[in-house]
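Participant: here is my input; please provide its structure:
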Amino acid sequence: MEPFKNVNSKSQGVILYLSNEVPNNQDETGLRPTKYANTYYGDFYKFNDHNIKIKDLVLCQAIPPTKQLIIDVYYGYYPKTSYERIQVIDGHLWHKKNHP
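Facilitator: Reported below is the predicted structural model:
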């Protein structure tokens with residue numbers, strides 16, 4: 001995880017970046033905060049064989065006392081609406097839910 005870089009116009013609300021190093025590809029996603037302390041969401045995307053963009057929902061939780069980072073990826077799924085995204089985030093089994 002890295003601090004916000006203000007790289008492009010699509011980064012509204014982004015406060016951190018998460019690097020994703022996969023074989024032959026390097027990507028990073030902007031992470032936006034959720035209503036829970038030290039928890040963030042973002043996305044990774046790729047194009048399938050038919051050149052259709054496939055997005056993966058990424059949920060991250062930092063646990064400062066133990067210096068842990070928990071990353072959950074919903075491969076092939078990204079919520080269609082902000083309401084659906086909020087439902088997924090609120091229903092996620094975070095290590096420990098804390099309101100800020």
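
Participant: so, low pLDDT: which residues of the protein?
Facilitator: Residue ranges of the chain with pLDDT under 70: 1-28, 96-100.

Participant: buried sites along the longest strand along it?
Facilitator: The residue-count maximum for a strand in the chain (DSSP state E) belongs to strand 53-63. For strand 53-63, the neighbour count (16 or more other C-beta atoms under 10 Å) marks Asp56, Leu57, Val58, Leu59, Cys60, Gln61, Ala62 as buried. Every residue, glycine included, has its C-beta placed from N, CA and C.

Participant: for the first one, which non-adjacent residue is closest in space?
Facilitator: Here the nearest residue to Asp56 in space, its sequence neighbours aside, is Phe44; by C-beta to C-beta, 6 or more residues apart in numbering that works out to 4.7 Å.

Participant: paired strands for the helix or strand that that neighbour is a member of, with orientation please.
Facilitator: Using DSSP states H and E, Phe44 maps to strand 39-47. Paired strands of strand 39-47, with direction, are strand 25-33 (antiparallel), strand 53-63 (antiparallel) (DSSP bridges).

Participant: who's in contact with Lys46?
Facilitator: Lys46 sits next to Lys53, Ile54 when contact means C-beta atoms under 8 Å, 6 or more residues apart in numbering.

Participant: please name the bridge partners of it.
Facilitator: Ile54.

Participant: mind listing the residues bridging to Asp72?
Facilitator: Bridge pairing for Asp72 - DSSP bridges - gives Leu59.

Participant: was I right about it contacting Val58?
Facilitator: Yes: counting by C-beta atoms under 8 Å, Asp72 touches Val58, with 7.5 Å between them.

Participant: can I get stretch 37-49 in CSV, CA atoms only?
Facilitator: What follows is stretch 37-49, C-alpha atoms only, in CSV (Å, rounded to 0.1, in the frame of the first residue of the first chain):
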residue,chain,number,x,y,z
ALA,A,37,-11.8,2.2,10.4
ASN,A,38,-8.8,1.0,8.3
THR,A,39,-10.9,-0.6,5.6
TYR,A,40,-10.9,0.2,1.9
TYR,A,41,-12.3,-0.9,-1.4
GLY,A,42,-11.1,-0.7,-5.0
ASP,A,43,-11.0,-2.8,-8.1
PHE,A,44,-8.7,-4.7,-10.5
TYR,A,45,-9.7,-5.2,-14.0
LYS,A,46,-8.6,-7.2,-17.0
PHE,A,47,-9.9,-7.9,-20.5
ASN,A,48,-11.2,-11.3,-21.5
ASP,A,49,-10.6,-13.1,-24.9
